[in-house]
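>>> Based on what follows, work out the 3D shape:
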Amino acid sequence: MRIAFLLVCFMLSACSDYRRIEPDGDRSSTDFFVSTTDNAAKAANLPILREVPLDEELTEIRIWVGFGPMIIQSMYRIYKLDNGQIDGEHIWHFDPPLEYWTKEEADEFYQETYEDCNTIGVFQETESCKVNFDNNTNWDNIYKDLNKYDIWNMPDSSEIPELQNKDGLVYVDGMSIVIELKKKGLYRLIGHKMNPAHMDKKYHYAREIMNIIIKNK
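Here you go, the predicted structure:
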């Protein structure tokens, strides 16, 4: 009986190392926003990160920026290579409203976009490309700074009472940031509104994350 008890405890403790952390509050906004990135991930020939098995040896951070009325949205991908080094890439994704544009407007959009971005792929109506003016970005420093900021334990907006939508609606009228965190045994999903009026520290997680990226470009 003692051996059986210890075996059960061992099995439970092993399983507990693999976890998909969910906040206690209503995370409907973050869940909605990340679901809109699925086509973008597929267009960039990347797996949907929240569907990657928890036990897979993969360390990756995706920082999705946008979710408002802008046409071009961004994703910063920071990941660990097999040799332990850190690399990254800045990917644009977009689904332009071509049905409302003239041919000249569409041609101008694509010409200007692909001057700064190299095509990756298309999935359904979503296109993706790798930004080519971020070649000097220090992704290793970004990864280190994100860890110093304790990004793996950063709260979702749903865990901060002052940031709750009282009406329960999901607003898409401004920019937001969604962060996916994956390493062996762990997946986390975090979302925050990017509101410059929020000056108190507990409101400006998104701004701090973007500052870390910008200063290392």
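>>> residue boundaries of the strands in the protein?
19-20, 60-66, 72-80, 86-94, 117-123, 126-131, 176-183, 186-193 (DSSP state E).
>>> List the contacts of the fifth one.
Pointing back at strand 117-123 there. Outside strand 117-123, the residues within contact range by CB atoms under 8 Å, 6 or more residues apart in numbering are 39-40, 42-45, 91-92, 127-132. From N, CA and C alone the C-beta is placed, and that goes for glycine too.
>>> just the second one next, same as before
With contact meaning CB under 8 Å, 6+ apart, strand 60-66 is reached by 33-34, 37, 40, 49, 72-80, 143, 146, 151, 175-183, 194, 209-210, 213.
>>> pretty sure residue 142 contacts residue 213?
Yes: shown here, residue 142 and residue 213 form a contact pair, counting by CB atoms under 8 Å, at 5.9 Å.
>>> overlap in contacts of these two?
Taking CB under 8 Å, 6+ apart as the contact criterion, the common neighbours of residue 142 and residue 213 are residue 76.
>>> Adding neighbour count, write the contacts of strand 117-123 out as CSV.
Rendered in CSV, the data for the contacts of strand 117-123 read as follows (neighbours: other CB atoms under 10 Å):
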residue, neighbour count
39, 19
40, 25
42, 18
43, 23
44, 22
45, 10
91, 24
92, 22
127, 24
128, 24
129, 22
130, 15
131, 18
132, 12
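>>> sorry, back to before: tell me which of the strands of the chain lies nearest to residue 28.
For those, proximity to residue 28 was assessed by CB to CB; strand 186-193 is nearest, at 9.9 Å.
>>> That closest one to strand 176-183, inter-axis angle?
Angle of strand 186-193 versus strand 176-183, following axes from the mean of the first three to the mean of the last three CA atoms, to 10 degrees, is 170 degrees.
>>> name the helices or strands packed onto strand 186-193?
Packing contacts for strand 186-193, counted by 3 or more CB pairs under 8 Å, 6 or more residues apart in numbering; DSSP states H and E, involve strand 19-20, helix 28-35, strand 176-183, helix 205-215.
>>> Just the buried residues of it, please?
Neighbour-count burial for strand 186-193, counted by 16 or more other CB atoms under 10 Å, picks out 187, 188, 189, 190, 191, 192, 193.
>>> Which strand residues bridge the second one?
Going by DSSP bridges, residue 188 is paired in beta bridges with residue 181.
>>> Go ahead and confirm it touches residue 180.
Yes: using CB under 8 Å, residue 188 makes contact with residue 180 at a distance of 7.5 Å.
>>> For residue 121, name its beta-bridge partners.
With DSSP bridges applied, residue 121 shows beta-bridge pairing to residue 128.
>>> Output the below-cut-off pLDDT ranges for the protein.
1-27, 161-174, 195-203 (pLDDT under 70).
>>> Recalculate using a threshold of 80.
Low-confidence segments of the chain, defined by pLDDT under 80, are located at 1-29, 68, 160-175, 193-204.
>>> Which stretch among the helices and strands packed on strand 186-193 approaches residue 138 most closely?
Taking CB to CB as the criterion, residue 138 comes closest to helix 205-215 out of those, the separation being 9.3 Å.
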